[in-house]
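Undergrad: What follows is a predicted protein model with its sequence.
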Amino acid sequence: MFNVCPNCGELRADKTILPEGPYAVCPVCGYQHKFLQLPLFVLTGASGVGKTTACLGISAETKDFVVMESDILWREEFNQPETKWRNYRELWLRVCKNISQVGKPVLLCGSTVPEQFESCVERRYFSAIHYLTLVSEDEVLASRLRSRPAWRRSSDDEYIKRHVEFNRWLRDNAQSTQPAMALIDATELTVGETAKRVTQWVKNHLIL
């Protein structure tokens, strides 16, 4: 809906953003559509680190922002690692952009890194994207993955190895990504404690 120009009807995501409105300017007819340019918050981390569980607690405790789990829109057609999952990231930015027009920012939960969003066309509609990664000790993460229900298929050695390596990479590189990611080590935190820290991180940015 948001990408359709209300003047000429063209469907374009690559609109020019004028900050004084802000306005999204149609590249076809020049129509200026005023919109809310809010920040987006991304909670990332390896599978099993506790992102989804924390977000369930957050969504029950606060109405200051909207919490979304990115896995709900996943389909196999989006499994395109050679593009760094570009179509999937664009889709989620478009969803979050439209949600934020009600005046509340979105906290999006899913395994990702900043470069997968920062290069997207839809990135321009956010005033900033703030990234927070949850990490844990490798042994703890592996144990959590092995103890999951069988339907999640996370006990395979190769699956565990892949996510332990991603967890390690996040822990070692959070400060060197562009932009840098804040980091919370959830190894010894309860679900409630993790949820409180994530919520406070979001709120700290909202009052800046």
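TA: Alright, I've got the coordinates.
Undergrad: For R123, give me phi and psi.
TA: phi -60, psi -30 (degrees, to the nearest 10).
Undergrad: How is the chain divided into domains?
TA: Domains of the chain are assigned by automatic domain parsing as 1-35, 37-206.
Undergrad: From the chain's centre, how far out is the shortest one? Work that out for me.
TA: Domain 1-35 sits 24 Å away from the centroid of its parent chain (Cα atoms, centre = their mean, to the nearest Å).
Undergrad: same thing with the last one?
TA: Between the mean C-alpha location of domain 37-206 and the chain-wide mean there is a distance of 5 Å, by Cα atoms, centre = their mean.
Undergrad: pLDDT of that domain, averaged?
TA: For domain 37-206, mean pLDDT rounds to 93.
Undergrad: Surely P22 and Q32 touch.
TA: No. P22 is beyond contact range of Q32, at 9.6 Å (criterion: Cβ atoms under 8 Å). C-beta coordinates here come from the backbone N, C-alpha and C atoms, glycine included.
Undergrad: related to what we said a few turns ago, switch the domains of the chain over to TSV; also include mean neighbour count.
TA: Shown next, in TSV, are the domains of the chain (neighbours: other Cβ atoms under 10 Å):
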stretch	mean neighbour count
domain 1-35	14
domain 37-206	17
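Undergrad: Which parts of the protein are helices?
TA: 51-61, 86-99, 115-118, 138-146, 157-173, 191-206 (DSSP state H).
Undergrad: from what I can see E69 touches C55, true?
TA: Yes. Between E69 and C55 there is a contact under Cβ under 8 Å: 6.2 Å.
Undergrad: Done for today, thanks.
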